[in-house]
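Undergrad: following is a predicted model, sequence given first.
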Amino acid sequence: MEDSSCPMVPSRSSTYMYELNKDLERVIEDVENISVQLTWMAYDMVTLRTGFEGEACMRELEEAHSRCRAAVFGEAEPQPQMEAGAEKADSSQSQTVD
């Protein structure tokens with residue numbers, strides 16, 4: 001009869017499974033790192049391709065949102081920042097030219 005008080009010695013297959021699990025975890029971590037790097041590369045490419053147009057587009061969207069909000073809710077329509085700056089520049093130039 002077998003003695004059940006003996007500690008169980010890991011078999012060869014359990015050691016093999018342990019090694020496979022370690023390898024799998026390492027591979028998963030490497031794939032996650034590659035995924036993060038690819039995400040940053042895609043982000044960089046998008047920002048490089050859009051250049052400075054993205055900021056101008058966002059400003060236009062914000063102004064359009066303000067106009068729509070004013071039309072829907074009846075709020076006073078705020079002056080766009082670009083036009084206000086252009087009017088100030090025009091008035092200062094006309095004063096210096098006269």
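TA: Done, it's in.

Undergrad: where is the longest helix in the chain?
TA: helix 12-50 (DSSP state H).

Undergrad: now do the next helix or strand after that helix against helix 12-50, angle only.
TA: Sequence-wise, the next helix or strand downstream of helix 12-50 (DSSP states H and E) is helix 53-73. On the basis of axes from the mean of the first three to the mean of the last three Cα atoms, to 10 degrees, helix 53-73 is oriented at 80 degrees to helix 12-50.

Undergrad: which parts of helix 53-73 are buried?
TA: Glu63 (16 or more other Cβ atoms under 10 Å). Bear in mind the C-beta positions are built from the backbone N, C-alpha and C, glycine included.

Undergrad: for that helix, packing partners?
TA: Where contact means 3 or more Cβ pairs under 8 Å, 6 or more residues apart in numbering; DSSP states H and E, helix 53-73 is not packed against any helix or strand.

Undergrad: could I have it exported to CSV, CA atoms only?
TA: C-alpha atoms of helix 53-73 as CSV (Å, rounded to 0.1, in the frame of the first residue of the first chain):
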residue,chain,number,x,y,z
GLU,A,53,-4.8,72.2,-39.0
GLY,A,54,-6.2,70.3,-36.1
GLU,A,55,-6.0,73.3,-33.8
ALA,A,56,-7.8,75.5,-36.4
CYS,A,57,-10.5,72.8,-36.9
MET,A,58,-11.1,72.5,-33.2
ARG,A,59,-11.4,76.3,-32.9
GLU,A,60,-14.0,76.3,-35.8
LEU,A,61,-15.9,73.5,-34.2
GLU,A,62,-16.0,75.4,-30.9
GLU,A,63,-17.3,78.5,-32.6
ALA,A,64,-19.9,76.5,-34.5
HIS,A,65,-21.0,74.9,-31.2
SER,A,66,-21.3,78.3,-29.6
ARG,A,67,-23.5,79.6,-32.5
CYS,A,68,-25.7,76.5,-32.4
ARG,A,69,-26.1,76.7,-28.7
ALA,A,70,-27.0,80.4,-29.0
ALA,A,71,-29.6,79.5,-31.7
VAL,A,72,-31.1,76.7,-29.7
PHE,A,73,-31.1,78.2,-26.2
